[in-house]
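A.B. asks: Give me the fold of what follows.
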Amino acid sequence: MPMQIENPRLIEALSQLDQLTNWEQRPRGEMRVGLEPIIDLSARLGNPHQAFRSIHVAGTKGKSSTSALLEAGLHHAGISVGRYASPHVEHISERVSLNGFPVDEAVLAEALFLALDGLRAARAEGTAAEAATWFDMLTAAGFLIFRDAGVQWAVVETGLGGRLDSTNIVDSDVSIITNIGLEHTEILGKTRAAIAFEKAGIIKPHSTVVTPLDADDEAGAVIAKRAVEIEARLVRPDFSGLKTIAERNVAVAGAALDVLGELGIEAEGGRKVGGWLIDEQAKRVSQLPGRLERFVVPAGGRAVAVAIDGAHVPFNLEAVLDDLTGMEGFAGPGIAVVAIAADKDAAGFVEVMARYGVSAIFTSVSDRFRSPAELQALAEAIGLASETIEDPQAAYEKALERAGASGGWVMLTGSLYLAGLLRQRVMEQEMKSLSGRR
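C.D. replies: Prediction:
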């Protein structure tokens, strides 16, 4: 289960925030987006986003892991760094980190109360910030924390899209677009080109954008065109010979750090910042919860491999399954516990599972998700073996039992919210097993 919040002030601040619109917790079909509320709110707080330099990261897959690699690399360089990310998996403090560590609950609470003061003032005066959302408030609080901590560089991950995302008030020196897949189509558009237009909105004039997408790619062409229009430099990392998601994330983050070096940013000791900063230790410390995590837990008298990844669109899942295919413990039949939000391409997701021979146990985590019965109907239509179990915990235990009996493995996927619900249980099982062997 998600970690409990202990600080009373943070509990109270979040209780007040929960009265605001939170598009992470409700259907997004009626979502209205715009920067006016966050611009007004930030101005009331002294424009904290102007106190640091930033790298802005967007993309359908890999943006969180790439951001964590950048944070680890900059910290390795001796540079004070913050990272703003979403969503969190187990604890809200994951969204704001300072030099590789989640922000202290008390610090987050006080920043949120300052943002709430700004909201109240806007409501009294009838200005744009009166319409600030839950995400606007958290974004403003994150930037306040970075300013007050004296952060030199912030790695800022978009929440949804880019052009009209709350985070797009930062004047980034470097932007990154990791890739483009069909997601949030009711908000961002129904083609990769339309979605690329929204994500390319984070590119700032005369800055640098890093993306692996080629100019002859539908989405890559949009990004290249935007870069030309605003006189931004475009850098494409070399993916030659890179097979895994992790390797490609390192290449993208390394290319961005190389750009900083070209801008004259130096590490401690005077060496220019660059991809060399992402060493093995940086890779280890940048591992995020719910992103291609692997565990080994006992079931049916054998050790069962369990993977957790919050892949939520088909090409994400395909990339993850490609990686797992070559990893120890992931031979034999795969059994996935799956929850998919209502705004995701569930049919495409299920089709990928069928191609890889992974059976499914469908579950749900909230009313914003597709019902297990609806998902099972999609699976039946293409001949994918599946069952439904409403309770996520029971669904996981059933998958583990089946894997133990069949010599298979388990995957928890479709949503980071599902990962957050089950991750602690998986970790406890692995730790108990390790303790028993000592």
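A.B. asks: Give me the helix or strand of this protein that scores worst on average pLDDT.
C.D. replies: helix 185-188 (a mean of 50; mean pLDDT, DSSP states H and E).
A.B. asks: got the CA coordinates for the helix or strand following that helix in PDB?
C.D. replies: Next in sequence after helix 185-188, counting helices and strands by DSSP states H and E, comes helix 192-199. Only the C-alpha atoms of helix 192-199 are listed here, as PDB (Å, rounded to 0.1, in the frame of the first residue of the first chain):
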ATOM      1  CA  ARG A 192       1.300  11.400 -33.100                       C
ATOM      2  CA  ALA A 193       1.800  14.600 -35.000                       C
ATOM      3  CA  ALA A 194      -0.900  16.500 -33.000                       C
ATOM      4  CA  ILE A 195       0.600  15.200 -29.700                       C
ATOM      5  CA  ALA A 196       4.100  16.200 -30.900                       C
ATOM      6  CA  PHE A 197       2.800  19.700 -31.400                       C
ATOM      7  CA  GLU A 198       1.700  19.900 -27.800                       C
ATOM      8  CA  LYS A 199       4.900  18.400 -26.400                       C
END
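A.B. asks: Helix 192-199: what's the following helix or strand?
C.D. replies: strand 208-210.
A.B. asks: what sits up against that next one?
C.D. replies: 173-177, 200, 203, 223, 227, 232-237, 252, 255-256, 259 (C-beta atoms under 8 Å, 6 or more residues apart in numbering). In short, each C-beta sits where N, CA and C put it, glycine included.
A.B. asks: Any stretches of the stretch 101-250 of the chain with poor pLDDT?
C.D. replies: 182-189 (pLDDT under 70).
A.B. asks: now the helices for it?
C.D. replies: 105-125, 134-148, 185-188, 192-199, 218-229, 245-262 (DSSP state H, counting those that start in this stretch).
A.B. asks: who touches the longest one?
C.D. replies: Same thing as helix 105-125. Contacts of helix 105-125 (C-beta under 8 Å, 6+ apart): 5-7, 9-10, 12-14, 16-17, 40-41, 44-45, 92-93, 96, 128-130, 132, 137-138, 140-142, 144-145, 148.
A.B. asks: ChimeraX command for the buried members of these?
C.D. replies: A single ChimeraX command selects the buried members of the contacts of helix 105-125 (16 or more other C-beta atoms under 10 Å):
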select :5,7,10,13,14,17,40,41,44,45,92,93,96,128,129,130,132,137,138,140,141,142,144,145
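A.B. asks: can you list the helices of the stretch 101-250 of the chain in CSV and add distance to residue 314?
C.D. replies: CSV is the format used below for the helices of the stretch 101-250 of the chain (distance: least, C-beta to C-beta, whole Å):
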stretch, distance to residue 314
helix 105-125, 35
helix 134-148, 25
helix 185-188, 12
helix 192-199, 12
helix 218-229, 15
helix 245-262, 15
